[in-house]
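Trainee: this one's sequence-less:
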């Protein structure tokens, strides 16, 4: 594991994905703390709260919980959509870098296929409908701070016919303006538990690049 940070600490705010809870990011949070970061794990429930309400609460959570001068964001899946949406209104000062884990940076084909099914509507709530909307994505801001993307490619061919992590395609994780992009052999659901993912995340938060991570590195480019 990467050596700890100096005494001056920074905070990482973690955002879990759809259908998960803060517990899904506990292992990653522990590895970040071992590397010297403070961590805060943003609680939200897309099944019960509207997307815009959650976006507003993210700002308030950062103001209330982050006590260091500088902080970073690490999101998994839907967490990254929330991160991007918050840029419409701005973040508290001193936001540093962002790491996106398995982000649906373009409308996920799976969400589009399921959007009208009652189980998906009930489970995913208003946030799930946003994920399936091309119009929503057209209005979604790109972060104006350095951000990197980690995608998984240990997916399935039943519904998705190109490299994917089981939920989102590798290609749909890309976003114009990203500082770095890597692909690692993990599934969407458990990518955040990987030690290699944690180490790549730490490198990006410190240096703005994933350099040295195992897997397939890919240069930034427009989808």
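Mentor: Perfect, I can see it now. Owing to the predicted nature of the structure, the values given are computational and were not obtained by experimental measurement.

Trainee: For residue 66, grab the count of nearby residues.
Mentor: When counting by other C-beta atoms under 10 Å, one arrives at 20 neighbours for residue 66. (Each C-beta comes from the backbone N, C-alpha and C, glycine too.)

Trainee: how close does it get to residue 186?
Mentor: Computed with C-beta to C-beta, to the nearest Å, the distance linking residue 66 and residue 186 is 28 Å.

Trainee: One more: residue 89?
Mentor: With distances defined as C-beta to C-beta, the gap from residue 89 to residue 186 amounts to 32 Å.

Trainee: And the two? Which one has more around it.
Mentor: Counting neighbours by other C-beta under 10 Å for residue 89 and for residue 186 shows that residue 186 has the greater number, 24 against 12.

Trainee: need the contact list for the nearest residue to residue 169 once chain neighbours are set aside.
Mentor: On the basis of C-beta to C-beta, 6 or more residues apart in numbering, the spatially nearest residue to residue 169 that is not a chain neighbour turns out to be residue 162, at 5.2 Å. With contact set as C-beta atoms under 8 Å, 6 or more residues apart in numbering, residue 162 has these partners: 169, 170, 171.

Trainee: Quick check: pLDDT value at the closest residue to residue 164 other than its chain neighbours.
Mentor: In space, residue 164 comes closest to residue 155 once its chain neighbours are excluded; the distance is 3.6 Å by C-beta to C-beta, 6+ apart. Residue 155 carries a pLDDT value of 81.

Trainee: same check, this time on the one 5 residues further on
Mentor: Residue 160 carries a pLDDT value of 78.

Trainee: now residue 215
Mentor: Residue 215 carries a pLDDT value of 42.

Trainee: now do residue 137
Mentor: pLDDT, the model's per-residue confidence, is 83 for residue 137.

Trainee: So what's the residue count around it?
Mentor: Neighbours of residue 137 under the rule other C-beta under 10 Å: 17.

Trainee: Now do the contacts for it.
Mentor: By C-beta under 8 Å, 6+ apart, the neighbours of residue 137 are 106, 107.

Trainee: Tell me which residues touch the most centrally placed residue in the chain, please.
Mentor: What sits nearest the mean C-alpha location of the chain, by C-alpha atoms, centre = their mean, is residue 75, with 2.6 Å. Taking C-beta under 8 Å, 6+ apart as the contact definition, residue 75 lies against 14, 15, 17, 82, 83, 98, 99, 100, 101, 103.

Trainee: For the residue nearest to the last one when sequence neighbours are not counted, grab the count of nearby residues.
Mentor: Setting aside the residues directly before and after it, residue 103 is nearest to residue 80 in space (C-beta to C-beta, 6+ apart), at 3.6 Å. Other residues within reach of residue 80 by the criterion other C-beta under 10 Å amount to 27.

Trainee: go on, residue 43?
Mentor: The number of residues packed near residue 43 is 12, by other C-beta under 10 Å.

Trainee: Show me the shaky parts of the chain.
Mentor: Across the chain, residues meeting the criterion (pLDDT under 70) sit at 1-8, 48, 108-133, 212-223.

Trainee: What are the boundaries of the strands in it?
Mentor: Secondary structure of the chain by DSSP state E: the strands cover 11-15, 38-42, 71-76, 95-101, 147-152, 180-184, 216-218.
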